[in-house]
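> Fold the following for me, if possible:
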Amino acid sequence: MKPNQKLAHQRLSVLELAQTLGSVSEACKRKGMTRTMFYEYKKRFAEQGIEGLKDLPPIPKSHPFTTPHEVVERIKALALEHPAWGCNRLEALLMAEGRRLSAPTIQEILNKHGLGSRYDRWLALEQQRAAEGVELNAEQTALLEKMNPQYKERHVESSAPGQLLSQDIYQVGIIKGVGKVYLHSVVDTFSSHGFGFLHTSKQPEAAVAVLHNDVLPFYASKKLNVSAVLTDNGREYCGTDAHPFQIYLDLNDIEHRTTQVRRPQTNGFVERFHRTVQEEFIQTAFRQRVYLTLDELQADLDDWLVFYNTQRPHLGYRNMGRKPIETIDQFCTQLRQNKTKSVQQES
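As a prediction, the model looks like this:
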């Protein structure tokens with residue numbers, strides 16, 4: 001006999017004992033059952049027979065403390081509408097709407113739906129904006145600008161790899177016997193593909209070196225052109241007509257754009273890249289190893305850049321989880337397919 005059937009017969013025996021004794025209280029006392037339970041089982045037996053005495057299966061989402069679906073959806077909507085707000089402020093806002101939920105409950109709901117932190121809400125907003133093209137309010141925009149420096153440069157759009165590159169300089173640290181070390185970095189605004197060249201100088205010649213040795217050869221291998229480079233208006237990039245950096249760009253037919261500010265100021269793409277280099281490479285590298293030469297550090301940086309460009313997924317609104325090299329290769333594949341179709345149509 002199955003456990004549920006055995007339990008039903010035990011409850012039936014209580015009903016029969018009460019009828020035999022003529023006393024509900026005595027029967028309940030002997031069988032260890034309350035009078036409330038006795039009358040509940042008696043009613044169910046009268047309506048459904050022996051099946052009514054079995055334990056009923058739980059009703060999905062019927063727990064008395066389950067938050068209604070419409071309230072959950074409202075919490076999700078408010079979390080995205082006010083992405084910088086914590087659960088206490090959301091609790092107060094819901095209370096003003098006549099919905100009483102505790103802050104821990106709100107946090108649990110947000111965690112369950114992948115919106116538990118500001119980082120999660122930032123990613124959700126970027127994905128929503130990219131997929132649905134929703135109009136962001138001022139508060140949402142402020143969070144995106146804070147969380148993703150690239151978003152500050154959203155007016156600087158590029159539709160192809162190499163169409164616009166961002167370049168800047170970042171002081172990495174000091175190597176004993178070498179001196180200050182600077183990272184001359186370049187980031188593709190279409191794919192976030194990054195390049196880095198370490199040097200002890202901030203002079204224009206070092207800024208030219210990263211373009212000549214790393215950037216232009218890479219895009220040439222992909223059969224892509226570099227159209228423009230965006231920098232700040234620092235001395236390493238701007239000057240007279242004889243400035244080495246500007247001469248190099250002119251010789252390679254590359255447009256030079258500068259950020260429209262009165263003082264040298266980085267742009268969002270490189271700012272994001274520098275923060276990633278600092279957090280994911282520099283802090284770890286200098287803890288694990290004592291560098292004696294610049295070449296040693298450059299070798300490790302080159303290895304990390306391979307990881308950054310070809311193995312590390314980028315969750316921003318441009319790559320949407322793809323790796324930078326995947327975004328570039330995807331564009332090149334689509335470009336070849338379009339050219340093939342054009343040739344076929346002409347023939």
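
> now for whichever strand or helix holds residue 275, which elements pack on it?
In this structure, residue 275 sits in helix 268-277 according to DSSP states H and E. In terms of contacts (3 or more Cβ pairs under 8 Å, 6 or more residues apart in numbering; DSSP states H and E), helix 268-277 is packed against strand 165-175, strand 179-188. Backbone N, C-alpha and C define where each C-beta goes, glycine included.

> dump the residue contacts of the residue lying closest to residue 318 once chain neighbours are set aside.
Spatial nearest neighbour of residue 318, excluding adjacent residues (Cβ to Cβ, 6 or more residues apart in numbering): residue 192 at 6.1 Å. Applying Cβ atoms under 8 Å, 6 or more residues apart in numbering, we find residue 192 in contact with 150, 269, 272-273, 314, 316, 318-319, 324, 327.

> Name the weakest-confidence residue in those, if you would.
Minimum pLDDT across the contacts of residue 192 is recorded for residue 150, with 52.

> before we move on, back to that, can you pull the buried residues of the helix holding residue 275?
Within helix 268-277, the residues scored as buried using 16 or more other Cβ atoms under 10 Å are 268-274, 276-277.

> What of stretch 50-57?
52-54.

> Mean pLDDT added to the helices and strands packed on helix 268-277, as JSON lines?
Below are those laid out as JSON lines (pLDDT from 0 to 100):
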{"stretch": "strand 165-175", "mean pLDDT": "90"}
{"stretch": "strand 179-188", "mean pLDDT": "93"}
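
> quick revisit: out of the contacts of residue 192, who has the most neighbours?
residue 269 (29 neighbours; other Cβ atoms under 10 Å).

> now that one, nearest residue through space, not along the chain?
Per Cβ to Cβ, 6+ apart, closest to residue 269 is residue 166, 4.1 Å.

> same thing with residue 297?
residue 291 (4.8 Å).

> hang on, the one you found in a helix?
No - secondary structure of residue 291 (DSSP: H, G, I helix; E, B strand; the rest coil): coil, not part of a helix.

> Might one say that it is in contact with residue 174?
No - contact criterion Cβ atoms under 8 Å: residue 291 and residue 174 do not qualify, at 10.3 Å.
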